[in-house]
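1. below are the sequence and a predicted model for it; my questions follow.
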Amino acid sequence: MRLALLLLISATALGAADLALPPLTEQGPQPGKRTAVIAPEYAGTKVRHLIALPDDWTPDWQAKGKRWPIVAEYTGNYFPTSGSTGEVEGAALGYGLARGRAIWVVLPYVAKDRQKNERTWWGDIDATVGYAKTNLPRICAEFGGDPKKVVLCGFSRGAIGVSFLGLHDDEVAKLWCGLWAHDHFDGMLEWKGHAWGSPLARYREEATVRLRRLAGRPLLVSQAGTETKKFITSVAPSGVTYLTVDMGAHFGAFPNELAKHPHNDRWPLRDGDATTIARGWFERVTATEKPAK
């Protein structure tokens, strides 16, 4: 019996049922594949977003009356210790929700020279926020995304960006029906050397203003500490779900074939209790229309 249990645990740790990311292609947006897209306003640059269309996507979606939810994602910083490349092609968190059933879009951080994507922090903040404002409605119009069912998620830098960028102003905040931040949150830590993130008192005041733009929409926060929960609750007392992911139980030892470090965006690709909760949250959030603003 003990041997059988150990074998079961080993099989789980090996990730026999891990969800594979869609293959990359250079042939443009296609169902079941990822591709980098350069938006018209950034023609001639290396600024790009990543898009994976649902497995059942069809070019005659309008005639068939089909629409799909959108999972938009911001990646972590370039951080080799955790395996984070800082590039749109390195993202994974959002696909754990999309699973080929929603349009998955990885948004860029536009570098200050507006010629490439930024791998560390925000680049040009206005350009980065503007990119989401311009391109998500365009993706809805071109590929059948449902503008009433757009969820924003992010890992690490992207988790901060869910609020810092996604709630940056009233216009961009209206894009989302729900938001999910994994491993970090806007306003929690002082980021010395960055005008946007220090001193902590001012940064937290500004983060409070951003968080109020949730306006009752659902927020999922995974790996939230006590201080994070206290801060969020003081500003958004309802509509927030907290999720703790036991990375040791979920993965076993690190590094492994899916993740190098407990601070990772790969865990939703593996079935488990936390993955079930995150996916269930997404299904509920996209089952109803976002409130009118």
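-> Nice, thanks for sending it over.

2. chain neighbours aside, what residue packs nearest to residue 249?
-> Distance criterion CB to CB, 6 or more residues apart in numbering; nearest residue to residue 249, sequence neighbours excluded, is residue 272 at 7.7 Å. Every residue, glycine included, has its C-beta placed from N, CA and C.

3. helices of this protein, start to end?
-> For the chain, the helices defined by DSSP state H occupy 2-14, 61-64, 95-98, 125-143, 157-164, 170-173, 200-212, 226-235, 247-251, 273-285.

4. in the stretch 101-250 of the chain, which ranges drop under the pLDDT threshold?
-> For the stretch 101-250 of the chain, applying pLDDT under 70 flags no range at all.

5. mean neighbour count, the helices of the chain: which tops it?
-> helix 157-164 (a mean of 28; mean count of other CB atoms under 10 Å).

6. just to revisit the earlier point, what's the burial count for the residue nearest to residue 249?
-> For residue 272, the count of nearby residues is 18 (other CB atoms under 10 Å).

7. use 764 as the first number from now on
-> Understood, numbering begins at 764; the last thing we discussed is residue 1035.

8. these two touch, right, it and residue 1013?
-> Yes. Assessed by CB atoms under 8 Å, residue 1035 is found in contact with residue 1013 at 5.0 Å.

9. quick check: pLDDT value at the residue nearest to residue 1012.
-> Per-residue pLDDT puts residue 1035 at 95.

10. tell me the contacts of residue 865?
-> Residues counted as contacts of residue 865 (CB atoms under 8 Å, 6 or more residues apart in numbering) are 817, 831-834, 1049.

11. how much space separates it from residue 859?
-> Separation of residue 865 from residue 859 (CB to CB, to the nearest Å): 11 Å.

12. sorry, back to before: can you redo the contacts of residue 865 as CSV with pLDDT and neighbour count?
-> Formatted as CSV, those follow (pLDDT from 0 to 100; neighbours: other CB atoms under 10 Å):
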residue, pLDDT, neighbour count
817, 98, 22
831, 98, 22
832, 98, 24
833, 98, 28
834, 98, 28
1049, 97, 23
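
13. in strands, which of those residues fall?
-> Assignment to strands by DSSP state E places the following of the contacts of residue 865 there: 831-834.

14. out of those residues, who's nearest residue 913?
-> If you rank those by distance to residue 913 using CB to CB, residue 833 comes first, at 4.5 Å.

15. and that closest one, what are its bridge partners?
-> Under DSSP bridges, the beta-bridge partners of residue 833 are residue 866, residue 913.
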